[in-house]
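Q: this is a predicted model, with the sequence first.
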Amino acid sequence: MAQDARTTRDEQHAHRQQVISVRDLRKEFRGTRAVDGVSFDVRPGRVTGFLGPNGAGKTTTLRMILGLIRPTGGSALLWGSPYAELAAPTRRTGVGLDGGAFVGRRTGRGHLRCYAPAAGCGPERVERLLADVGLSGAADRPVAGYSTGMKQRLSLASALLGDPELLILDEPANGLDPEGMLWLREFLRDFAASGRTVLLSSHLLGEMEQTVDDVLLMHHGRLLSSGPLDGLLEPGERLESAFLRLTRAGNGVRT
Amino acid sequence: MSGTGISDTGTSGTDMSGTGISDTGTSTGVVERAGNGAGPATAPGAVSTADLLRSEMLKLTTTRLWWILLLAVVACSAGFTALIVFGGLNAPRSPLSFGTAGDAVPAYNLAVALAYVFPLAIGVITVTQEYHARTISATLLAEPRRARVYGAKLLVGLGTAFVYGASAVLSGALVAAALLSGHGKPTYLTDGTVLGALGGSVLVLTLWGAIGVGVGALVRNQVAAIVGILLVTQFLEPTLRILASSLGNAELGNLLPGGAGDLAGGGTIMTAAAEADGGSQGLGFLVLFLYAVAIGVVGAVRFTRYEVA
């Protein structure tokens, strides 16, 4: 983790080693500091959990990383480049936002087909992904009739269209039943075990404890802690207790 | 399942590493990739224009809306043409006459007079549907160069509006010609004036699609945009045109987009009703084209700067 002050050259080198590199990222919405000077790195081959309560600034940070929201200040780079400068970004990065945003009258298969061309994904892979997420049977039904869990799985299939090496998922565990949660966890673990990278946000600290390698703990727009999960927890401590301990410690440690 | 690393071309459908989520608990090992996968094996090329257009076309054709609106524009054009031409042929005091080809033009131009709201609407919806359903995030993630996305939407909007325009004009013309010949009158279908009006109508209706894309990008809210175009095209503009006419400045109505479109189509019953038939078809095109460019540019600025929160 390259978080100390270094020369520009060293930092550029560090940026290249990290999959995601965020420096002093800030966003103000009409005077409110939604994200207040956040810096972190996401390492390859790891599942990084971007954790914190609702309203902590996680989604805003993710959207700044993805170039959907302009930062007030700071930088967010993927493989050393802003997202918007990646060529055909969905062939390297798979993204699931909003618990899946779909046109209700479009079918599950129709949704995937719409986003397949930019991801370089052919029809066979669309079918394969539908089968892998267990939606083959529902593929020709309008998404409006899907359950929350089915929408989450369609959102994940959508993110995987381009066979990406990085997954960025916003609250992918929302609305999943215990079986779905287990399924997601194993999928993400396998994805990272193959050398690829996952950054996922969640407010479900208990669930994430069993899923993530690294933790970015966010509260009120600031990063309370960043690093491996093992290093964050005191012996026998649960993530939820650690979060409370860190929030009570005041403004948190600026990293 | 053998992993392949990152595919660098669009041919990656068959040889993908598995996604490993086929069933709970047995997924271990299915997501293996060749190599350690920690870095990009190859640099993928940019999203091609063909892929962008294909994506926008699919967004249009994967819901039923486009052909419901297509049926509506054809029904509107054919239905009003039947009603008004039948009335014109049979009513004792008809505002329409069919003595010359020029007289018959308003009968052939009912599509452009009454149905232009449909190509306008489909143009609007290609943009607002994305905001309404929040799929705009996925769209801009697939191609962050927003001007290219906007350009693709503009082209698809123009193409769809052309299909709508051609279908509406053709169906209206068939109905009008059938009624005229059934009444023993000449159809003037091969007359240059009528052909120019029909061709002009298709072009006008096509331009309305581009205006729709711009309006959609400007307004973004789907309900507001649809209600807005209905109010403006069906109420506000006709009122202003009649008002301009009653104040003795009927030509001012030709500077409004609908009035310009009517003029560019070669004149319609609306042009006749407002007694604004002074301008030329070319002037109508120029005015409507300027509207399309202005709204298109302002829409582009808004589309490229918007924050997708």
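A: Received, thanks. Residues are numbered from 1 along each chain as shown, chains lettered A, B, ... in the order given.
Q: remind me, longest helix of chain A?
A: Longest helix in chain A by number of residues (criterion: DSSP state H): helix A:178-193.
Q: what about it, average pLDDT?
A: Across helix A:178-193, pLDDT averages out at 92.
Q: other SSEs contacting that helix?
A: Helix A:178-193 sits against strand A:47-51, helix A:148-159, strand A:197-202, with contacts defined as 3 or more C-beta pairs under 8 Å, 6 or more residues apart in numbering or on different chains; DSSP states H and E. (Glycine included, C-beta is placed from N, CA and C.)
Q: would you pull up how far the last one lies from the middle of the chain?
A: To tie it back to what came earlier, the one meant is strand A:197-202. In terms of C-alpha atoms, centre = their mean, to the nearest Å, the gap separating the centre of strand A:197-202 from the centre of its chain is 3 Å.
Q: just stretch A:140-156 next, same as before
A: Distance, stretch centre to chain centre, for stretch A:140-156: 19 Å (C-alpha atoms, centre = their mean).
Q: list the buried residues in it.
A: For stretch A:140-156, the neighbour count (16 or more other C-beta atoms under 10 Å in any protein chain shown) marks A:P142, A:V143, A:Y146, A:G149, A:M150, A:K151, A:Q152, A:R153, A:L154, A:S155, A:L156 as buried.
Q: what helices or strands is the helix-or-strand element of chain B with minimal mean pLDDT leaning on?
A: One helix or strand of chain B scores below all others by mean pLDDT, DSSP states H and E: helix B:269-273, with a mean of 83. Helices and strands touching helix B:269-273, by 3+ C-beta pairs under 8 Å, 6+ apart, are helix B:101-108, helix B:110-114, helix B:237-246, helix B:257-264.
Q: so which of those helices is nearest B:V47?
A: helix B:257-264 (33.3 Å; C-beta to C-beta).
Q: of the helices and strands packed on helix B:269-273, which approaches A:D170 most closely?
A: Closest among those, using C-beta to C-beta: helix B:257-264, at 41.0 Å.
Q: re the thing from before, now the angle between strand A:197-202 and the longest helix of chain A, please.
A: Helix A:178-193 runs at 150 degrees relative to strand A:197-202, counting by axes from the mean of the first three to the mean of the last three C-alpha atoms, to 10 degrees.
Q: and helix A:178-193, how far out from the chain middle?
A: Worked out by C-alpha atoms, centre = their mean, helix A:178-193 lies 14 Å from the chain centre.
Q: list the buried residues for that helix?
A: Counting neighbours by 16+ other C-beta under 10 Å, one finds that the buried residues in helix A:178-193 are A:180-181, A:183-193.
Q: so that helix versus helix A:148-159, what angle?
A: If you take the same axes, to 10 degrees, helix A:178-193 sits at 20 degrees to helix A:148-159.
Q: hey, what's the angle from helix A:178-193 to strand A:47-51? Just curious.
A: For helix A:178-193 against strand A:47-51, the angle by the same axes, to 10 degrees is 130 degrees.
Q: surely A:R33 forms part of a helix?
A: No. Counting by DSSP: H, G, I helix; E, B strand; the rest coil, one finds A:R33 to be strand, located in no helix.
Q: burial measure for the closest residue in space to it that isn't next to it in sequence, as a count.
A: Leaving aside its chain neighbours, A:R33 sits nearest to A:G221 (5.2 Å; criterion: C-beta to C-beta, 6 or more residues apart in numbering or on different chains). Residues near A:G221, counting by other C-beta atoms under 10 Å in any protein chain shown, number 22.
Q: which pLDDT value goes with A:G221?
A: Looking at A:G221, its pLDDT stands at 94.
Q: so what sits opposite the nearest residue to A:D140 once chain neighbours are set aside in the bridge?
A: Leaving aside its sequence neighbours, A:D140 sits nearest to A:T107 (C-beta to C-beta, 6+ apart; 5.2 Å). When assigned by DSSP bridges, A:T107 has beta-bridge partners A:P142.
Q: circling back to that earlier point, export the least confident helix or strand of chain B to CSV, keeping only CA atoms.
A: Taking C-alpha atoms only, helix B:269-273 is exported to CSV below (Å, rounded to 0.1, in the frame of the first residue of the first chain):
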residue,chain,number,x,y,z
ILE,B,269,-54.0,21.9,-43.5
MET,B,270,-52.4,23.6,-40.5
THR,B,271,-50.5,26.0,-42.8
ALA,B,272,-53.7,26.6,-44.7
ALA,B,273,-55.7,27.1,-41.5
